[in-house]
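Undergrad: 3D model of this:
(one chain, ligands or ions: 1)
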Amino acid sequence: MVSSKLAANQPDSFAFSDEAEEKITYWRKKYPTDKQRSAVIPMLWIAQKDHGGWIPEAAMRVIGDRLDMAYIRVMEVVTFYSMFNLAPVGKHLIQVCGTTPCMLRGSGDLIKICQSRIGSAGKVSDDGNFSWMEVECLGACVNAPMVQISNAEGDHYYEDLDEASMNTLLDELATGNAPMPGPRVARETSAPIGEAITLLDKTLYDGSRGKRLKSIPNAPAKASKAKPKTKKPAKETGK
Ligand code: FES
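TA: I've put the predicted structure just below:
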């Protein structure tokens, strides 16, 4: 989250766009009528996307009214998750992971670049193009260090970064290009760099090691072979 406080400048009102309303209908259908409050996170996310990347107070009130939730409950959700922003962000919001694996692999250098090129965390650059924030682990530790960049194109990961590739990334965005997400080193997604060095035996994959099963373990007995249970006749006592 860029800021845990409401932005000083707030719009007087908020209304979802028609496109956003369609998405809200889709999401609300996923929840039972008596569990509609569960749609608060998708509705907040849609509101944020609908409002240039941040959630104004008026949007929280609209969502609270529509889901029959106290406004403070909506605010609690917004302030719990770093994915929600309470203040305006740049056209490209850079989220630098600063958790241990990324920190050990150089996220500090990426943060210094953001500070020198954009300004302090949460500040929108003078041209409106950028703002940045430090976030906790984004689940791409194997490609550390990495950033998530949110903009009109979506929310994408850029991984295996260093100072040079981070600067190139910001240059590309500043000139209006849409850089390809993914690693910035020669590897496929999070596969090892270079040629594979384990599990090289081709017979592991060509089926030649397979053996035909004679029977399926734990399969139920065939119905035709099962003997029907018959009731023994009662003994005659002769009385
Ligand atoms: S520590 Fe950075 S993605 Fe997990």
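Undergrad: flag every residue of this protein that's near the ligand.
TA: Contact residues (C-beta under 6 Å from any ligand atom) of the chain with the ligand: Cys97, Thr99, Pro101, Cys102, Cys137, Leu138, Gly139, Ala140, Cys141, Ala144, Met146. C-beta here means a position set from N, CA and C on the backbone, and glycine is covered the same way.
Undergrad: check contacts around the fourth one.
TA: It stands for Cys102. Residues in contact with Cys102 (C-beta atoms under 8 Å, 6 or more residues apart in numbering) are Val96, Cys137, Cys141, Ala144, Pro145, Met146.
Undergrad: and for Arg212?
TA: Neighbours of Arg212 in contact, by C-beta under 8 Å, 6+ apart: none.
Undergrad: again, but for the one 5 residues further on
TA: Pro217 is in contact with no residue at all, counting by C-beta under 8 Å, 6+ apart.
Undergrad: can I assume it sits in a helix?
TA: No. Assessed with DSSP: H, G, I helix; E, B strand; the rest coil, Pro217 is coil; it does not lie in a helix.
Undergrad: please report how far it lies from Lys211.
TA: Using C-beta to C-beta, to the nearest Å, one obtains 13 Å as the distance from Pro217 to Lys211.
Undergrad: Ser17 too?
TA: 60 Å.
Undergrad: between those two, which has more neighbouring residues?
TA: It is Ser17, of Ser17 and Lys211, that has more neighbours when counted by other C-beta atoms under 10 Å, with 12 against 5.
Undergrad: nearest residue to the more buried one in space, please, no chain neighbours.
TA: Leaving out its chain neighbours, the residue that sits closest to Ser17 by C-beta to C-beta, 6 or more residues apart in numbering is Asp50, at 5.5 Å.
Undergrad: can you list contacts of stretch 176-183?
TA: With contacts defined as C-beta under 8 Å, 6+ apart, stretch 176-183 is touched by Asn143, Glu153, His156, Tyr157, Tyr158, Glu159, Asp160, Leu169, Glu172, Leu173, Thr189, Ser190.
Undergrad: any idea how far Ala140 is from the residue lying closest to the second one once chain neighbours are set aside?
TA: Read it as Glu153. Excluding the flanking residues, the one nearest Glu153 by C-beta to C-beta, 6+ apart is Ala178, at 5.6 Å. Noted for Ala178: a distance of 19 Å to Ala140, by C-beta to C-beta.
Undergrad: now swap in Ala58 and tell me
TA: 34 Å.
Undergrad: comparing those two, which residue is more hemmed in?
TA: Between Ala58 and Ala140, Ala140 has the larger neighbour count (other C-beta under 10 Å), namely 21 against 16.
Undergrad: so what's the more buried one closest to, chain neighbours aside?
TA: Met146 (4.9 Å).
Undergrad: the one you found: what's it in contact with?
TA: Cys97, Cys102, Leu138, Ala140, Tyr157, Tyr158, Glu159, Asp160, Leu161.
Undergrad: in the sheet, who's paired with the fifth one?
TA: Translated: Tyr157. Gln148 (DSSP bridges).
Undergrad: contacts only, for it.
TA: Tyr157 neighbours (C-beta under 8 Å, 6+ apart): Leu138, Ala140, Asn143, Met146, Val147, Gln148, Pro181, Gly182.
Undergrad: count the neighbours of the fifth one for me.
TA: Using other C-beta under 10 Å, Val147 is surrounded by 26 other residues.
Undergrad: can you put the contacts of Cys102 in CSV and add pLDDT?
TA: Listed next are those as CSV, based on pLDDT from 0 to 100:
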residue, pLDDT
Val96, 98
Cys137, 97
Cys141, 97
Ala144, 97
Pro145, 98
Met146, 98
